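**Q** I need the structure of the sequence given here:
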Amino acid sequence: MKKAVKFSSLMSLAVLGVGMMVTGCKSAPELPKDKAMAMIQAHYDAAAPSGFDINVNNDGMVQGATAKYWQRTTIYPNKYWADFKLTDAGKKVIKLSSGTDTIQWRPSGPTDKSFSIVVTTTALKHRRARDLHEIQDVGSKMKTAVFTEGVDLSDLPQPLVDIARNPGNQLTTERTATFVLDGDNWKLQSVD
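**A** Numbers count the residues shown, from 1 in each chain. Take a look at the predicted model:
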């Protein structure tokens, strides 16, 4: 009888301990992909909009001249260096990092196809998040997800979009979002 009482007491303690563990350890709520994506996009929308850089290669220079964004003002004796002045139409869509309105085209030779310059759009845009990969658990109170950050080309004139799509431009970047559990809700901690 003593063994039965001891066994019964031990079983009661075990059940009580398991019950306390179960009630004391709530599982973290789910983080659906659509909610994670909405938090990431809200992060981008809360940031100040900005222009984005476009790498203009030889083809882009031709496209820009055809679109009348710039016109050649000077050609140098070597016949492959030139200066191009931004037109009024060009000043509406881009600005130069030099702060001037003159592109100094200085390739290393007449067949140099790798030379390029960088212009920045005057249209201020928010980055866009898309293509969220699977959300990964990093412990019980943290999750991460890789996604694609892209630039918003909507509302830009087609010639500028065409220049931006030339080789050498990076219109998308892989980023990692980190989410942390804050009470009973997930919140976006960072985008790296």
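
**Q** need the helices for this protein, in chain order.
**A** Assignment of helices within the chain using DSSP state H yields the ranges 2-24, 33-46, 58-66, 88-93, 158-164.

**Q** run through the protein and note the low-pLDDT ranges.
**A** Of all residues in the chain, those with pLDDT under 70 make up the ranges 1-26.

**Q** ok now do the residue nearest the centre of the chain, which residues does it touch?
**A** Closest to where the C-alpha atoms of the chain average out (CA atoms, centre = their mean) is Glu149, at 2.7 Å. Applying CB atoms under 8 Å, 6 or more residues apart in numbering to Glu149 gives the contacts Tyr44, Arg127, Arg128, Ala129, Thr172, Thr173, Glu174, Arg175, Val191. Heads up, the C-betas are built off the backbone N, CA and C, glycines and all.

**Q** what's near enough to touch the second one?
**A** With CB under 8 Å, 6+ apart as the criterion, the residues that contact Arg127 are Tyr44, Ala47, Glu149, Gly150, Val151, Asp152.

**Q** go with 7 Å
**A** Residues near Arg127 by CB atoms under 7 Å, 6 or more residues apart in numbering: Tyr44, Glu149, Gly150, Val151.

**Q** once you drop chain neighbours, what's closest to the third one?
**A** This points to Gly150. Thr172 (4.5 Å; CB to CB, 6 or more residues apart in numbering).

**Q** just give the number of residues close to that neighbour.
**A** By the criterion of other CB atoms under 10 Å, Thr172 has 14 neighbours.

**Q** check Thr176 too.
**A** Residues near Thr176, counting by other CB under 10 Å, number 13.

**Q** was I right to think it contacts Gln189?
**A** No - judged on CB atoms under 7 Å, Thr176 makes no contact with Gln189 at a distance of 10.9 Å.

**Q** for Asp59, see how far away the residue nearest to Ser108 when sequence neighbours are not counted is.
**A** Among residues not flanking Ser108 along the chain, Phe115 sits closest, at 6.7 Å (CB to CB, 6+ apart). Phe115 sits 12 Å away from Asp59 when distances are taken as CB to CB, to the nearest Å.

**Q** which segments of the protein make up each domain?
**A** 2-51+124-191, 53-121 (automatic domain parsing).
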